[in-house]
Structures are given as structure tokens and as C-alpha cells.
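Undergrad: sequence? don't have it. structure:
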């Protein structure tokens, strides 16, 4: 197999003969599976390629990619930066013949990127539009109420700088606990954690309000908090 630092994809190199004696010539059969190719490289004394089977590409640095098929012969001039490999649809085998200079037959460079090779980037799937919690709960039944909740309550009131979102969460959780509004309390316990209220603080808030909002409300809130804590990951420590 061709070494990974010199090739992209599956490439087999089968040497035919090495330089012997005073000869500086060597040759090999190189087989590229579909979409496989060399890295950018050059040859100090040049190289001949003879396509034996299949179809592929060759490209010189700064030039256009050129398709090559069975029977084609390509001359790579000395020192010319280039790459060659198979098409995406078919494999290719070529005979490579080159000479060495001071024992060096090739100078290897960076990999050929997918864009340089000609592979189009995978289409990105547009992100699904975010549906607010109010739209999920009320949108189908009371769309205007959901719209007011998003635009007036969360986009306006909750964004006012006079109170931090952490303080607004503490106030909202306290009010919902006092009114024993379990459904709304559930989502606001989760939101409070995102706004920086710790689980320890929420637990203490429930205990404290038991003496002001009533024991049953605090017990109900404890059950809701247990469910929320079990079903949501603990927020990272700040």
C-alpha cells in the first residue's frame, strides 16, 4: 500500500524494477482506487506515466486538471509540482517510469484537498427553525397568547437590564411555587439553572417558602424539582 503521507485513498504500488548499476531508471505499476490520488509532488529528473487501465486525472500546479485514460502517456517535466490519481467513478492503473538524482526520485509536498481534487463539499442541511416553549405549549390553541409570551414577556420584560435574569428566575420560581403552578414551575426550574441559580439555592428557596406559601405548595414544588433535576443535566460549575 502507498504510505498515507503521500497518498489519499487506497493506492497500491507494485515496483517493476529498481535502478541498477549505472542506470538511474526505476519503474512501478501504481493502482488508484476511485477518488484516490497522490499528494502534490515533483520529480528531480522528471517522470513518464503510461495509463494501462481505467481513467484518472493529472494536474500541474497552476494549471487545469486534465483527464487521462487507457493508452495515454504523460510526461512530467523535472521539478514540476503536480498530482495524479483516479477519477471518482473508476480506478486507474498506470506505469510510472522515473530517474533518480542522488537517490531521490520524488519530492513530496502537501496533500491534495478535496476541493483541489474536485469533490464538491457535502450540502449542509439548514438548521430547523427554533420553536419556542410558548409556541410548543400554546401555539396550536392560542397562537396570539404564544406570540405575546415570546415578544412581550421573554423578548422584552426578561431582557430589561433593571434586574438580572438570575434574579428574575428567583422571583418567578417563588411566585409559581406560592401559587402552586406546577406545570409552569417545571419549565422555570430548568430555566433558573440556565440563568445561574444553583440546585442548592432552589432547594433552599423551596424550604424557605414552605413557611410563607404553605407546606402543601412546598411539597408539590419538591416533587417537581426532583423530576426536573433527574431529567436535566446538572449545569457546569461557574
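TA: Thanks, I have it. Because the structure is a prediction, the values reported are computed rather than measured.

Undergrad: hey, what's residue 95 bridged with?
TA: Bridge pairing for residue 95 (DSSP bridges) gives the partners residue 29, residue 50.

Undergrad: next one: residue 75
TA: Under the criterion used (DSSP bridges), residue 75 bridges to residue 48.

Undergrad: Relative to residue 166, how far out is residue 194?
TA: Distance, residue 194 to residue 166, using Cβ to Cβ, to the nearest Å: 10 Å. No exception for glycine: its C-beta is placed from N, CA and C like everyone else's.

Undergrad: What of residue 138?
TA: Residue 138 is 26 Å from residue 166, by Cβ to Cβ.

Undergrad: Of these two, which one has the most company?
TA: residue 138 (18 against 14; other Cβ atoms under 10 Å).

Undergrad: Can you read off the pLDDT for the closest residue to that one other than its chain neighbours?
TA: Closest residue in space to residue 138, ignoring its immediate chain neighbours: residue 146 at 4.1 Å, by Cβ to Cβ, 6 or more residues apart in numbering. Per-residue pLDDT puts residue 146 at 91.

Undergrad: In which helix or strand does residue 146 reside?
TA: helix 143-148 (DSSP states H and E).

Undergrad: Spit out the contact partners of the residue nearest to residue 138.
TA: By Cβ atoms under 8 Å, 6 or more residues apart in numbering, residue 146 lies in contact with 132, 134, 135, 137, 138, 139.

Undergrad: Thought residue 150 was touching the first one, still the case?
TA: Translated: residue 132. Yes: look at residue 132 against residue 150 with Cβ atoms under 8 Å: they come within range, at 5.1 Å.

Undergrad: follow-up on the earlier one: helices or strands up against whatever helix or strand comes next after the helix holding residue 146?
TA: For helix 143-148, the succeeding helix or strand toward the C-terminus, using DSSP H and E, is helix 165-178. If you count contacts as 3 or more Cβ pairs under 8 Å, 6 or more residues apart in numbering; DSSP states H and E, helix 165-178 packs onto helix 182-194, helix 199-213, helix 215-231.

Undergrad: try it again with 6 Å
TA: helix 182-194, helix 199-213 (3 or more Cβ pairs under 6 Å, 6 or more residues apart in numbering; DSSP states H and E).

Undergrad: I'd like the distance from it to the chain centre, please.
TA: 38 Å (Cα atoms, centre = their mean, to the nearest Å).

Undergrad: between that helix and helix 182-194, what angle do the directions make?
TA: Relative orientation of helix 165-178 versus helix 182-194 (axes from the mean of the first three to the mean of the last three Cα atoms, to 10 degrees): 160 degrees.

Undergrad: circling back to that earlier point, would you tell me which one of the helices and strands packed on helix 165-178 is buried the most?
TA: Among the helices and strands packed on helix 165-178, ranked by average contacts under mean count of other Cβ atoms under 10 Å, first place goes to helix 182-194 (a mean of 18).

Undergrad: Correct me if wrong: residue 28 contacts residue 15.
TA: Yes: contact between residue 28 and residue 15 holds when scored by Cβ atoms under 6 Å: they sit 4.6 Å apart.

Undergrad: So for those two, which residue has more residues nearby?
TA: Under the criterion of other Cβ under 10 Å, the comparison of residue 28 against residue 15 puts residue 28 first, with 17 against 11.

Undergrad: closest to residue 73 out of the helices and strands packed on helix 165-178?
TA: helix 182-194 (66.6 Å; Cβ to Cβ).

Undergrad: who's in contact with that closest one?
TA: For helix 182-194, the surrounding residues in contact (Cβ atoms under 6 Å, 6 or more residues apart in numbering) are 169, 172, 173, 176, 220, 224, 225, 228, 232, 235.
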